[in-house]
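Engineer: how does the following fold in three dimensions:
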Amino acid sequence: MPRRRSIALGLFLALLAGLGVAWQSGLIGGAAPAGGTQRAASADPVVPPSYVGSAACRDCHVDEYQRWQASQHAVAIQAAGEQTVLGDFSGVEFRYRGVTSVFFRRDGKFMVRTDGPDGELADFEVRHTFGVHPLQQYLVELDGGRVQALGIAWDARPAKTGGQRWFHLYPDERIPHTDELHWTQRQQNWNFMCSDCHSTGVRKNFDAATGTFATQWAEISVGCEACHGPGSNHVALARAAQGGDPAAARGGLTVTFDERKGVAWVIDPATGNATRSTTRESSKELDVCAQCHARRGQFSDAYRAGDAFTDHYLPALLGPGLYHADGQQLDEVFNW
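Structural biologist: Modelled structure (predicted):
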């Protein structure tokens, strides 16, 4: 993203935070379920549902679970390890604007020596990977519960197409440690900028008085419940129905994707355009996707699948610079 757009978006989101409608709760400080101890699953729809994790879906939804595991959603964030880190940490150097960074291993950990918050070279441990293709970024934990994304990323494409190399996200700009786009600054802060879309059930837990985070999540990556909602009630219904009527296991989720049930798309021979056989009466499926696949500002982190999108997010309008005059995408507006 060009520098001016990144800064403008950051200032807009920071304004929301200053108004007290963002940064109200937040996770990499620990992997406990958001909101504390998880309540026991219950089939009673009055009981607020809680997150149970994608593994709870596996036994009944084998095919769907396997397809999810093969998706980029499942690996949006992973703990750094032999099977998850794609970059070359064999002691290779990367030079950028007078700074020489070194990617290496120490005691089985993935490390980077680069310019830190004070501009001085220091060693930092990579704790998590961020994405898989076409690039992979790396997350470093700093003081105050802040999790930061390095500005140097790994090109995960095959070498024959120009990949398998380190590169800087802002190759044409000098980004000193005082710049908002430096990896230690707010515009590269995972808690604030990234966590809501790359993890499930995130609570930022930002403390405005101390400027610190105690961010929590229900699942570190984008799990089943990110789209289907917390599943404790659904699991309870499924267990209660074992050996009985399979239909009794349905429901219990905060959203049901049934807007396309029985729907067909018919091509109009006069225009070549497809027409839906029945009129869509809700936007719940679009809203679920929009939570992440939209250009928007977040003013509440209490969202769960099934909620109205605009109860938690402020979408960007069809304005110049973001969209073409006919509504097609121009900038990084994420499809919605």
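Engineer: hey, where'd the helices end up in the chain?
Structural biologist: 3-18, 62-69, 190-193, 195-198, 224-228, 232-240, 284-290 (DSSP state H).
Engineer: quick check: buried residues in the second one?
Structural biologist: Of the residues in helix 62-69, those with enough neighbours to count as buried (16 or more other CB atoms under 10 Å) are Tyr65, Trp68. C-beta coordinates here come from the backbone N, C-alpha and C atoms, glycine included.
Engineer: when you give positions from now on, start the count at 629
Structural biologist: With the count now opening at 629, the last piece we talked about shows up as helix 690-697.
Engineer: tell me what that helix is packed against?
Structural biologist: Counting contacts by 3 or more CB pairs under 8 Å, 6 or more residues apart in numbering; DSSP states H and E, helix 690-697 packs against helix 852-856.
Engineer: dump the residue contacts of the residue nearest the centre of the chain.
Structural biologist: With distances taken as CA atoms, centre = their mean, the residue of the chain nearest its centroid is His826 (1.6 Å). His826 makes contact with Ala704, Ile705, Phe758, Trp818, Ser849, Val850 under the criterion CB atoms under 8 Å, 6 or more residues apart in numbering.
Engineer: which of those residues fall in strands?
Structural biologist: Residues of the contacts of His826 located in strands (DSSP state E): Ile705, Phe758.
Engineer: just the buried residues out of the contacts of His826, in ChimeraX syntax.
Structural biologist: The ChimeraX command for the buried members of the contacts of His826 (criterion: 16+ other CB under 10 Å) is given here:
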select :704,705,758,818,849,850
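Engineer: now for the contacts of His826: which two are most distant?
Structural biologist: By the measure CB to CB, Trp818 and Val850 form the most distant pair in the contacts of His826, at 14.2 Å.
Engineer: tell me how far the residue nearest to the centre of the chain lies from Tyr931.
Structural biologist: Distance from His826 to Tyr931, counting by CB to CB, to the nearest Å: 14 Å.
Engineer: next: Phe732.
Structural biologist: Computed as CB to CB, the Phe732 to Tyr931 distance reads 40 Å.
Engineer: those two: which has the busier surroundings?
Structural biologist: Neighbour totals were compared for Phe732 and Tyr931, and Tyr931 leads with 19 against 16 (other CB atoms under 10 Å).
Engineer: once you drop chain neighbours, what's closest to the more buried one?
Structural biologist: In space, and not counting its chain neighbours, Tyr931 is closest to His940: 4.1 Å by CB to CB, 6 or more residues apart in numbering.
Engineer: could you pull up the contacting residues of the one you found?
Structural biologist: Gln919, Gln926, Phe927, Ser928, Asp929, Ala930, Tyr931.
Engineer: repeat that with 7 Å
Structural biologist: By CB atoms under 7 Å, 6 or more residues apart in numbering, the contact set of His940 is Gln926, Phe927, Ser928, Ala930, Tyr931.
Engineer: please tell me which one of these counts the most neighbours.
Structural biologist: When neighbours are counted by other CB under 10 Å, Gln926 leads the contacts of His940 with 21 neighbours.
Engineer: so it bridges to which residues?
Structural biologist: Counting by DSSP bridges, Gln926 is bridged to Tyr941.
Engineer: likewise Trp794?
Structural biologist: In this structure, Trp794 bridges to Trp782 when assessed by DSSP bridges.
Engineer: for stretch 701-712, buried residues please.
Structural biologist: Buried residues in stretch 701-712 (16+ other CB under 10 Å): His701, Ala702, Val703, Ala704, Ile705, Gln706, Ala708.
Engineer: should've said stretch 881-895
Structural biologist: For stretch 881-895, a neighbour-count test (16+ other CB under 10 Å) marks Leu881, Thr882, Val883, Thr884 as buried.
Engineer: and stretch 808-823, by the same measure?
Structural biologist: Buried, per 16+ other CB under 10 Å, within stretch 808-823: 809-823.
Engineer: is it true that Ala702 touches Arg695?
Structural biologist: No: using CB atoms under 7 Å, Ala702 makes no contact with Arg695, being 9.5 Å away.
Engineer: TSV please, covering the buried residues of stretch 701-712 and showing pLDDT and distance to Arg725.
Structural biologist: Output for the buried residues of stretch 701-712, formatted as TSV (pLDDT from 0 to 100; distance: CB to CB, whole Å):
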residue	pLDDT	distance to Arg725
His701	96	35
Ala702	96	36
Val703	96	31
Ala704	96	29
Ile705	97	28
Gln706	97	30
Ala708	98	26
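Engineer: of those, closest to Glu960?
Structural biologist: Proximity of the buried residues of stretch 701-712 to Glu960 (CB to CB) peaks at Ala704, which lies at 17.2 Å.
Engineer: which ones are touching that closest one?
Structural biologist: Gly759, His826, Ser849, Val850.
Engineer: equivalent analysis for Gly955, please.
Structural biologist: Residues counted as contacts of Gly955 (CB under 7 Å, 6+ apart) are Leu946.
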